[in-house]
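return a 3D structure for these sequence lines:
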Amino acid sequence: MADISVRGRVALRAAAAASWASQKAGRGKGSMIGGLIAVLIDPTIMTQLGRGRRTVLVTGTNGKSTTTRMTAAALGALGRVATQADGANMDAGIVAALSADRTAPLAAIEVDELHLPHVSDALNPAAVVLLNLSRDQLDRVGEINMIERKLRAGMARHPETVLIANCDDVLITSIAYDHPNVVWVSAGSGWAVDATSCPRSGEPIVWEGAHWRSTGADFRRPEPDWWVDEEHLHGPDGVKIPLHLALPGRANRGNAAQAVAAAVALGARPEAAADAAATVREIAGRYRSVQVGDRTARLLLAKNPAGWQEALSMIDPEATGLVIAVNGQVPDGEDLSWLWDVRFEHFENTRVVAAGERATDLAVRLTYAGVEHTTEPNPLRAIASCPPGRVEVLANYTAFRDLNRDLEATR
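Predicted coordinates for the structure are as follows:
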């Protein structure tokens, strides 16, 4: 157990009491309020809870929750792993996850990209998984090259930490390029719109097949230590492991590759790590299928242009319907201009329903994309309006959250 100060023990007792009260009041699990109170009472509590553990931090614009779950599974062969169950990736959620299992020798922690530098300072991680970096909520996150510079400076303070970095992502590569301890993974990058110029020189990035380089600086795609094909995960020293995931999509194969690389960096056997990562089937309701009348709805989440483009590539073209649900609340980002960056044009032959609080905004975008559609703001009714059979449901953050809540209420 971590050596907790007197003030820290008071903070944790107060957090436990607040969590209990929240549960009794029917306000949820109470982990977030508990973590928030613990941090307010003792701002050093995260550092104290992290002592004596080997921690892997996972960050990026997309895929954090999935990769964290895979990393936790892959590390499981080495010992018990503390991790978030709900994807709460800021300070309060991280403290809650670490305090929930104070004796676990390992931790796999999802971290919001804006919080990575100070969380790394607090936890001194054994490894950091750097997935991807692209434009997200501009009203919260800000300009993407500024974020890259902050993360680069944050990682420079931890030269002993192993960076598990996606060499297919230009901005991620820039963060890790000068670091002395990097494992490069070819995890894919289906979205290059936010890295058309070199983050170091400002000159154009030139793509030559899978490889890229800057025209104005000695900055190019590193050779990967790990990479995936359609059937296998390849690694150092001729490692070649069958990789058959429960989760769909090329992006999730890249997520699994980085999770396995992180676990191997901490001492796991590659075969055991890959087998464990492949068992992950559902992450906080994502990818699950639920029965809604005589329709089977598969739920997908996307939160920014890169994530939407990747999620749209997972849509089954044989589905009887596609419900796209968009809200514009604060957690989503209230500026929905990103809808115009997403390619909706390849759904001409699918029954599409625009849903969510901002269904009308989405309907305008679909009209310009030439996609025939109907509009039904309520996602449950939107699913019911589709023909019987398999319905794909793609929603942004609060629309996904609210739909899951409504589905639970109907059970």
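
residues in contact with the residue nearest to the spatial centre of the chain?
Closest residue to the average C-alpha location of the chain: Lys64 at 2.2 Å, with CA atoms, centre = their mean. Taking CB atoms under 8 Å, 6 or more residues apart in numbering, we find Lys64 in contact with Val58, Gly87, Asn89, Glu110, Val111, Asp112, Leu131. (Each C-beta comes from the backbone N, C-alpha and C, glycine too.)

what about 10 Å?
57-58, 84, 87, 89, 109-113, 129, 131-132, 255, 283 (CB atoms under 10 Å, 6 or more residues apart in numbering).

over to Thr360?
Val326, Ala354, Thr375, Pro377.

correct me if wrong: the third one contacts Val326.
No: between Thr375 and Val326 there is no contact, the gap being 11.4 Å when judged by CB atoms under 10 Å.

who's more crowded, those two?
Val326 (26 against 15; other CB atoms under 10 Å).

next one: phi and psi at the more buried one?
When read as degrees, to the nearest 10, the backbone of Val326 gives phi -130, psi 120.

and stretch 379-386, how far from the chain's centre?
Computed by CA atoms, centre = their mean, to the nearest Å, the chain-centroid distance of stretch 379-386 equals 27 Å.

buried residues, that stretch. List them.
Residues Pro379, Leu380, Ala382, Ile383, Ala384, Ser385, Cys386 are the ones in stretch 379-386 that count as buried (16 or more other CB atoms under 10 Å).

make JSON lines from the residues you listed and add pLDDT, secondary structure and distance to Glu408 to it.
Formatted as JSON lines, the buried residues of stretch 379-386 follow (pLDDT from 0 to 100; DSSP: H, G, I helix; E, B strand; the rest coil; distance: CB to CB, whole Å):
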{"residue": "Pro379", "pLDDT": "95", "secondary structure": "helix", "distance to Glu408": "14"}
{"residue": "Leu380", "pLDDT": "95", "secondary structure": "helix", "distance to Glu408": "12"}
{"residue": "Ala382", "pLDDT": "96", "secondary structure": "helix", "distance to Glu408": "18"}
{"residue": "Ile383", "pLDDT": "96", "secondary structure": "helix", "distance to Glu408": "15"}
{"residue": "Ala384", "pLDDT": "94", "secondary structure": "helix", "distance to Glu408": "17"}
{"residue": "Ser385", "pLDDT": "95", "secondary structure": "coil", "distance to Glu408": "21"}
{"residue": "Cys386", "pLDDT": "94", "secondary structure": "coil", "distance to Glu408": "21"}
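
just those now: which is nearest Ala297?
Ile383 (5.3 Å; CB to CB).

same question for stretch 212-229, mean pLDDT?
For stretch 212-229, mean pLDDT is 93.

same question for stretch 128-136.
Computed over stretch 128-136, the average pLDDT equals 89.

and Asp178, backbone torsions?
Torsion angles, degrees, to the nearest 10, at Asp178: phi -100, psi 0.

contacts only, for it.
Arg152, Met155, Ala156, Pro159, Arg200.

spatially, which two of those residues are the most separated?
Pairwise distances among the contacts of Asp178 were taken by CB to CB; the largest, 19.3 Å, belongs to Pro159 and Arg200.

those two: who's more crowded?
Arg200 (19 against 11).
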